[in-house]
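J.: have a look at this prediction, sequence included:
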Amino acid sequence: MAVATQDGSTLAADNGEAEVWLRGRRIPEHWWGYVLVAPAMLLVLGLILYPVIYSFWLSVHSKHAYLPIETFVGLDNFRYFLTDFDGFWRGLWLGTVYAFGTVALQLVFGVGAALLLNQTFIGRGFVRGCALFPYMVPTIVVVILMRWILNDNYGVLPYALRLVGLEPGLMLGPESIMLSLILISTWTYFPFIVIGTLARLQTIDPELYGAAKVDGAGPLRRFWHITLPQIRSVLFVLVLLRFLFMFTKFDIIWLFASGTGVGYFTRTLPIYTYVKTFQELQVGMGAALSVVIFLILVAFALLYFRLFKRANEP
């Protein structure tokens, strides 16, 4: 049976399968899948792939932010960073310290909090909601509150430490601002670990723990031989995501150090990229830095997957 349409096309149905004929030519049914996916693909190409390609192309050019002239310089931008010890290499070191420090603390506190919240006690739902509170607070609010709390002159924490006879030092000073930033970032983002770990803990069969208790296994042995193997795959993904996020973190670092006069001591690679691009107006170097950050993250992800695969080999 065939039904003619207004534009001259014919819609035919045979044995329950739809066929579309357009001016005498049959359109394969699977092409409609491509047609339906095309808008999403166009968005991906326009919003993701094109900026990435343009960034790679711009990284081999010298370009001022306010001038339309673009001069091809090859790999000169990348060669400059090889000897830029006070900018690039320092930013790489600070970014690595910040990422590893925050991820390690997030992992410890996140897994610990998830284990506690997985227990049965009165008001567990309310406590779970409170545990997620830091992750829902806007970054600018966190920064303002923490800078008030840690202020050397009128901050609550330095005042409390002095009451018990401890000298806190300059928590926003050049020697300790990175440590303060790591602790604040840990408090802000550790609920991400809590959510993922707690979701996996709730799927573990309780009979495994019951059998372990019968065999005389204590809490530490139950965690090491039952809980940790069960949540290891989830922790693998969480650690990878948190490292990628923290290594490229910009907002909380920039806002926390802004106006303190010690922003130099928290100038990670994303901050250094912003300075090169929008303050020094060297767009080509900024694009080269973004390419370097991208390659570093790709290399880390590949190494991370390789180590995880080797650890799981029998």
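T.: Here it is on my side, so go on.
J.: show the average pLDDT along the longest helix anywhere in the chain.
T.: When the chain is scanned for its longest helix (criterion: DSSP state H), the result is helix 283-312. The average of the pLDDT scores along helix 283-312 is 88.
J.: which other helices and strands contact that helix?
T.: Counting contacts by 3 or more CB pairs under 8 Å, 6 or more residues apart in numbering; DSSP states H and E, helix 283-312 packs against helix 50-59, strand 61-63, helix 76-82, helix 228-247, helix 269-274. (Glycine included, C-beta is placed from N, CA and C.)
J.: if you count contacts, what does the shortest one end up packed against?
T.: What that stands for is strand 61-63. With contacts defined as 3+ CB pairs under 8 Å, 6+ apart, the packing partners of strand 61-63 are strand 70-72, helix 283-312.
J.: now swap in the fourth one and tell me
T.: Contacting helix 228-247 under the criterion 3+ CB pairs under 8 Å, 6+ apart are the following elements: helix 90-117, helix 177-201, helix 283-312.
J.: among those, which comes closest to residue 38?
T.: Evaluated with CB to CB, those place helix 283-312 nearest to residue 38, the distance being 27.1 Å.
J.: what helices or strands is the helix or strand hosting residue 159 leaning on?
T.: Secondary structure from DSSP states H and E places residue 159 in helix 156-163. Counting contacts by 3+ CB pairs under 8 Å, 6+ apart, helix 156-163 is packed against helix 139-149.
J.: quick check: angle from the helix it packs on to helix 177-201?
T.: 130 degrees (axes from the mean of the first three to the mean of the last three CA atoms, to 10 degrees).
J.: so can I have a markdown table of the helices and strands packed on helix 228-247 showing distance to residue 64 and mean neighbour count?
T.: Converted to a markdown table, the helices and strands packed on helix 228-247 look like this (distance: least, CB to CB, whole Å; neighbours: other CB atoms under 10 Å):
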| stretch | distance to residue 64 | mean neighbour count |
| --- | --- | --- |
| helix 90-117 | 22 | 19 |
| helix 177-201 | 32 | 20 |
| helix 283-312 | 7 | 16 |
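J.: need the ones you listed in JSON lines (columns: distance to residue 149).
T.: Shown next, in JSON lines, are the helices and strands packed on helix 228-247 (distance: least, CB to CB, whole Å):
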{"stretch": "helix 90-117", "distance to residue 149": "18"}
{"stretch": "helix 177-201", "distance to residue 149": "9"}
{"stretch": "helix 283-312", "distance to residue 149": "31"}
